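Student: Just to be clear, the model below is a prediction. Sequence and coordinates:
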Amino acid sequence: MIARILFALAATASIPAILGPQPAHAAIVAPADRIQMEHISVEVIGKGSPVILIPGLSSPRAVWDGVAPELAKTHSVYLVQVNGFAGDDPRANLKPGVLDGIVADLTTLIAQQKLKAPAVVGHSMGGLVGLMLAARQPASVGRLMVVDALPWFAVLMAPPGTEMTMAMVEPRAAQMRDAVTASYGKPPSKAAAEANVASLTLKPESRAKATEWAMAADPRVTALALYEDLTTDVRGELKAVRAPTTIVYAWNSQYPAKDRADAFFRGQYAAIPNVTFAGIGESAHFVMLDQPGQFATTLNAFLAG
């Protein structure tokens, strides 16, 4: 049952992008403190040991506003934003290979900036990207935090008692991709966006933020990223993750309850050699918005090792 509930959350995370922006995109001029790459842009604040923060599907770097300023007092904080989200120019994200492209850009960023064993924190789709980076470039990641994400999101689509296969999920993922893409250029509906993000956070003010973020995302980019999120299975790569890893996940009194969430996430990540778990309740998918104090405490403990 937990899989069905969690998939409801995952699905609504993607739907708001259907409401995306008008087709015209102004030319993006990168500010002096922004590193512009083909699949992402990165803004850097603070000074100290490096921390890379990666947001999720359709989310801007602003999702980290609750923790980034404090982190910047003792760390160099690299705030990632996927091109095409928050109104940014999509650049290379209008063709397949979005997730692989983000991983490649992060690998280049770490090398070019000479970042020594950076801590990587990713939420939702950003958590999957963090897993891909840590498994495929193990020397580049010092430690990894995955926030309310899975090594294969599509396991949540499996009917009870059924093992999900790629052949089962790919047609559904393609259908969702095509539906999102087809919405490009259509007038957005704030009411529909509000309804779609309602289950992603428990706070009304956070729902308002999530609504704005959803309506600013380019649906063409979200369509490709959503498809790749659902068809990317890194479960077989988890054993290659050498960085100490913390899995943060949401639970609440309605569902998923703590005991079920604990068991589910521990089962999904059992293959990582050095892994710890931190359930945070009462919260929904946007853990950092629902429980900013608990999340900040968990993040600081993770960075302290």
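Tutor: Nice, I can see it.
Student: and the residue nearest to residue 268 when sequence neighbours are not counted, what are its phi and psi?
Tutor: In space, and not counting its chain neighbours, residue 268 is closest to residue 150: 5.6 Å by CB to CB, 6 or more residues apart in numbering. Heads up, the C-betas are built off the backbone N, CA and C, glycines and all. The phi/psi pair for residue 150 (degrees, to the nearest 10) reads phi -130, psi 160.
Student: Surely residue 150 and residue 128 touch.
Tutor: Yes: contact criterion CB atoms under 8 Å: residue 150 and residue 128 qualify, at 7.5 Å.
Student: farthest residue from the center of the protein?
Tutor: When each C-alpha in the chain is compared with the mean C-alpha position (CA atoms, centre = their mean), residue 161 comes out farthest, at 27.5 Å.
Student: Spit out the contact partners of that residue.
Tutor: By CB atoms under 8 Å, 6 or more residues apart in numbering, the contact list for residue 161 is empty.
Student: same thing with residue 78?
Tutor: 42, 43, 44, 50, 51, 52, 53, 109, 113, 115, 118.
Student: Name the nearest residue to residue 132, sequence neighbours excluded.
Tutor: The shortest distance from residue 132 to any residue other than its chain neighbours is 4.9 Å, reached at residue 103 (CB to CB, 6+ apart).
Student: quick one: secondary structure of the residue farthest from the centre of the chain?
Tutor: Recorded secondary structure, residue 161: coil (DSSP: H, G, I helix; E, B strand; the rest coil).
Student: just the strands in the stretch 151-300 of the chain please.
Tutor: In the stretch 151-300 of the chain, strands defined by DSSP state E, counting those that start in this stretch lie at 245-250, 275-280, listed in chain order.
Student: and of those, who's closest to residue 63?
Tutor: Closest approach to residue 63 among the strands of the stretch 151-300 of the chain (CB to CB): strand 245-250, 13.7 Å.
Student: for the closest one, packing partners?
Tutor: Applying 3 or more CB pairs under 8 Å, 6 or more residues apart in numbering; DSSP states H and E, we find strand 245-250 packed against strand 143-147, helix 258-268, strand 275-280, helix 287-290, helix 292-304.
Student: buried stuff in the last one?
Tutor: Buried positions in helix 292-304, judged by neighbour count with 16 or more other CB atoms under 10 Å: 292, 294, 295, 298, 299, 302, 303.
Student: Write down the beta-bridge partners of the closest residue to the fourth one other than its chain neighbours, one by one.
Tutor: The shortest distance from residue 298 to any residue that is not its chain neighbour, by CB to CB, 6+ apart, is 5.0 Å, and that residue is residue 278. When bridges are called by DSSP bridges, residue 278 pairs up with residue 248.
Student: What is the burial count for residue 278?
Tutor: 19 (other CB atoms under 10 Å).
Student: measure it to residue 156 for me?
Tutor: 20 Å (CB to CB, to the nearest Å).
Student: Ramachandran angles for residue 281?
Tutor: Torsion angles at residue 281 (phi, psi; degrees, to the nearest 10) stand at phi -130, psi 170.
Student: ok, back up a step: could you dump the strands of the stretch 151-300 of the chain into a markdown table with mean pLDDT added?
Tutor: Shown next, in a markdown table, are those (pLDDT from 0 to 100):
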| stretch | mean pLDDT |
| --- | --- |
| strand 245-250 | 98 |
| strand 275-280 | 98 |
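Student: Name the stretch among the ones you listed that sits most buried.
Tutor: Most buried of the strands of the stretch 151-300 of the chain, by mean neighbour count (mean count of other CB atoms under 10 Å): strand 245-250, with a mean of 25.
Student: neighbouring contacts of that strand?
Tutor: With CB under 8 Å, 6+ apart, strand 245-250 has contacts from 134, 143-148, 256, 261, 265, 269, 272, 274-281, 283-285, 287, 290, 295, 298, 302.
Student: what helix or strand is the closest residue to residue 122 other than its chain neighbours on?
Tutor: Counting by CB to CB, 6+ apart, residue 122 lies nearest to residue 130, which is 3.5 Å off, once chain neighbours are set aside. Using DSSP states H and E, residue 130 maps to helix 125-136.
Student: what's the answer for residue 77, then?
Tutor: Using DSSP H and E, residue 77 falls within strand 75-82.
Student: Report the mean per-residue pLDDT for that strand.
Tutor: When pLDDT is averaged along strand 75-82, the result is 98.
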